[in-house]
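**Q** Predicted model and sequence below, questions to follow.
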Protein chains: 2
Amino acid sequence: MKLPLFNESFTKISEEKRNKILQTATDYFAEHGFESSNINMIAKKAGISIGAMYSYFSSKEALFSTVIHYAVETLKSVMDDIMKGDDELLSKLEKIIRAVQVNSRTNVLYTKLYGQLTAENRSDLTSQIVADIESVTTGLYTALLEQAQKEKIIRNDIDPRLFAFFLDNLLITLQFSYACTYYRERLKLYAGEDVFSDDDLVATQLMKFIKGALLLN
Amino acid sequence: MKLPLFNESFTKISEEKRNKILQTATDYFAEHGFESSNINMIAKKAGISIGAMYSYFSSKEALFSTVIHYAVETLKSVMDDIMKGDDELLSKLEKIIRAVQVNSRTNVLYTKLYGQLTAENRSDLTSQIVADIESVTTGLYTALLEQAQKEKIIRNDIDPRLFAFFLDNLLITLQFSYACTYYRERLKLYAGEDVFSDDDLVATQLMKFIKGALLLN
DNA sequence: AGAAAAAGAGCGAATGCTCACTCACGTAGA
DNA sequence: TCTACGTGAGTGAGCATTCGCTCTTTTTCT
């Protein structure tokens, strides 16, 4: 099974038009989710006909997958930049935290999309998309921890796959907490109104938490 | 703003019938989510007519709210039982982890409610219930950590509010990972197919992670 | 070159399907 | 006979998808 993406005709239209369609669809899906989104509406908002829409994308799913695909590419490039550096594990983690704080604020839309996706229960689509999105970070974090274990930087009595999973959980929820209304309120409930004007506090506390969990002794 | 729940007529039917309806609806919503669930189907499966269904619940939302309401009550009582005990912090946390794993079936609903609330912006339907729960656990975890700090069980150089927040993040994502399709797939990606038949592994590793983060030295 | 024909891009009304919800009609007990 | 409960075919709205059409561009033929 392969993810249905755009048809060839979509590549033949002007870049401007392509971006307009993708931007409109991203906005719409982010606001309404997959089920409640209306392709006819998206087409109208993007200024094209339904017929044209269906010549570019053979189904609603194909349009959705394409939108997700582009979101993932953005995420990938941010992560790649961080991982390319030859910092140590902890410096890399701190960079990721900072990137999450900065990036999710500027790109609330993609985070919402992610939220939408995880809320849906369409198993056929989901497993494909999960593989696409999460494979970026999954292998990466696990490898990072395994390497650090070899170098005796972090404890050896742990399962690096599960610890990578917990680590990722912390980063994902952090991202939600900066991007989604509900999670923002929740973070405020925990740490007060001011948290959002003190990125340093959150970053250093989270680093303390992670260091404690990972490091030797 | 009030949540629509069941009509008076629902209280007048036999308990057996009531349970059958609730159980069927719970299963169905848990499998299909709100949008994709079909009331006519639920009525048929529960062995009652659509008309009867609509005399008990004045809308699809009302049925959903009722189902969620019961799920939340169950969850609350589980948490209460754990918190009532006079165990130490760590024993309590382990009990919560175990409860999350065991009750994942019930939690499917809670998770979906949470996911929808998080992702969508129109949250009029369920916001009250979730806000209730959130404010309960928020204060609870923070107080737990502050107490443990006083007793010099956990480190003193941390902000208990933020550490409570990180802790809750770990527990929430664990819950998601046992309850909803997307996060299940993701956990599988990290730790392989078998994780779901080895609750002990996940529980002990998560406890290690948390202990490392919280404990002194 | 100019006419004619074919190919293709774009359109949007129409189709057909899926439900949430209604209501005219039982039926059983008092 | 009256009331209360229950029934399920029917209604209408929403929406993914189709298809016959127009208009434009390219190709073929004289």
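**A** Noted; the coordinates are in hand. Computed from a predicted model, the values in this text were never measured in an experiment.

**Q** so does stretch A:4-14 get close to DNA strand D?
**A** No - using Cβ under 7 Å from any atom of the strand, stretch A:4-14 stays clear of DNA strand D, coming no nearer than 9.9 Å. Every C-beta, even on glycine, is put in place using the N, C-alpha and C of the backbone.

**Q** Could you list the residues in contact with that stretch?
**A** A:18, A:55-59, A:61-63, A:65-66, A:69 (Cβ atoms under 8 Å, 6 or more residues apart in numbering or on different chains).

**Q** Which of those residues ranks first by neighbour count?
**A** Comparing those by number of neighbours (other Cβ atoms under 10 Å in any protein chain shown), residue A:63 comes first, having 28 neighbours.

**Q** Can you point out the buried residues in the helix or strand harbouring that residue?
**A** For residue A:63, the host element (DSSP states H and E) is helix A:60-84. Residues of helix A:60-84 classed as buried: A:60-72, A:75, A:82-83 (neighbour count, 16 or more other Cβ atoms under 10 Å in any protein chain shown).

**Q** same for it, what does it pack against?
**A** Secondary-structure packing of helix A:60-84 (3 or more Cβ pairs under 8 Å, 6 or more residues apart in numbering or on different chains; DSSP states H and E): helix A:15-32, helix A:39-46, helix A:89-106, helix A:108-119, helix A:123-150.

**Q** do that again at 6 Å, thanks
**A** helix A:15-32, helix A:89-106, helix A:123-150 (3 or more Cβ pairs under 6 Å, 6 or more residues apart in numbering or on different chains; DSSP states H and E).

**Q** tell me which residues of the first one are tucked away?
**A** Pointing back at helix A:15-32 there. For helix A:15-32, the neighbour count (16+ other Cβ under 10 Å) marks A:20-22, A:24-32 as buried.

**Q** with those residues in mind, which one is nearest to residue B:216?
**A** Among the buried residues of helix A:15-32, residue A:30 lies closest to residue B:216 (Cβ to Cβ), at 43.9 Å.

**Q** Quick check, pLDDT for the closest residue to residue A:199 other than its chain neighbours.
**A** Nearest in space to residue A:199, with sequence neighbours left out and distances taken as Cβ to Cβ, 6 or more residues apart in numbering or on different chains, is residue A:101 at 5.0 Å. Note on residue A:101: pLDDT of 91.

**Q** Give me the neighbour count for residue A:101.
**A** 19.

**Q** Contacts only, for the nearest residue to residue A:21 once chain neighbours are set aside.
**A** Leaving aside its chain neighbours, residue A:21 sits nearest to residue A:46 (4.7 Å; criterion: Cβ to Cβ, 6+ apart). Each residue near residue A:46 by Cβ atoms under 6 Å, 6 or more residues apart in numbering or on different chains is listed here: A:20-21, A:24.

**Q** ok, so what distance separates residue A:46 from residue A:167?
**A** Distance, residue A:46 to residue A:167, by Cβ to Cβ, to the nearest Å: 39 Å.

**Q** Stretch A:138-158 and chain B, any residue contact?
**A** Yes - counting by Cβ under 6 Å from any Cβ of the partner chain, chain B is contacted by stretch A:138-158 at A:138, A:158.

**Q** can you give me the angle the helix holding residue A:63 makes with helix A:123-150?
**A** Calculated by axes from the mean of the first three to the mean of the last three Cα atoms, to 10 degrees, helix A:60-84 forms an angle of 10 degrees with helix A:123-150.

**Q** Can you report phi and psi for residue A:182?
**A** phi -60, psi -50 (degrees, to the nearest 10).

**Q** I'd like the helices and strands packed on helix A:60-84 as TSV, with distance to residue B:150 appended.
**A** Shown next, in TSV, are the helices and strands packed on helix A:60-84 (distance: least, Cβ to Cβ, whole Å):
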stretch	distance to residue B:150
helix A:15-32	44
helix A:89-106	29
helix A:123-150	33
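
**Q** between the ones you listed, which one is nearest to residue A:177?
**A** Closest to residue A:177 of those, according to Cβ to Cβ: helix A:89-106, at 8.5 Å.

**Q** DNA strand C next: which of the contacts of stretch A:4-14 are close?
**A** Among those, the ones lying near DNA strand C by Cβ under 7 Å from any atom of the strand are residue A:55.

**Q** of all the contacts of stretch A:4-14, which comes closest to DNA strand C?
**A** residue A:55 (6.0 Å; Cβ to the nearest atom of the strand).

**Q** CSV please, covering the contacts of residue A:46 and showing pLDDT.
**A** Formatted as CSV, the contacts of residue A:46 follow (pLDDT from 0 to 100):
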residue, pLDDT
A:20, 93
A:21, 94
A:24, 93
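
**Q** returning to what we had before: would you mind measuring from the residue nearest to residue A:21 to DNA strand C?
**A** Separation of residue A:46 from DNA strand C (Cβ to the nearest atom of the strand, to the nearest Å) stands at 9 Å.

**Q** Can you classify residue A:34 by secondary structure?
**A** coil (DSSP: H, G, I helix; E, B strand; the rest coil).

**Q** what's around it, how many residues?
**A** Summarising burial for residue A:34: neighbours were counted as other Cβ under 10 Å, giving 20.

**Q** Any chance of the backbone angles for it?
**A** The phi and psi values for residue A:34, taken as degrees, to the nearest 10, are phi -70, psi -60.

**Q** where's it relative to residue A:66, distance?
**A** Distance from residue A:34 to residue A:66, by Cβ to Cβ: 13 Å.

**Q** Residue A:145 too?
**A** 33 Å.

**Q** before we move on, the earlier item: which one of the buried residues of helix A:60-84 sits closest to chain B?
**A** Distances from the buried residues of helix A:60-84 to chain B were compared by Cβ to the nearest Cβ; the smallest belongs to residue A:68, at 11.9 Å.

**Q** Report pLDDT for the residue in chain A that DNA strand C sits nearest to.
**A** Minimum separation of chain A from DNA strand C (Cβ to the nearest atom of the strand) falls at residue A:51, amounting to 2.3 Å. For residue A:51, the model assigns a pLDDT of 94.
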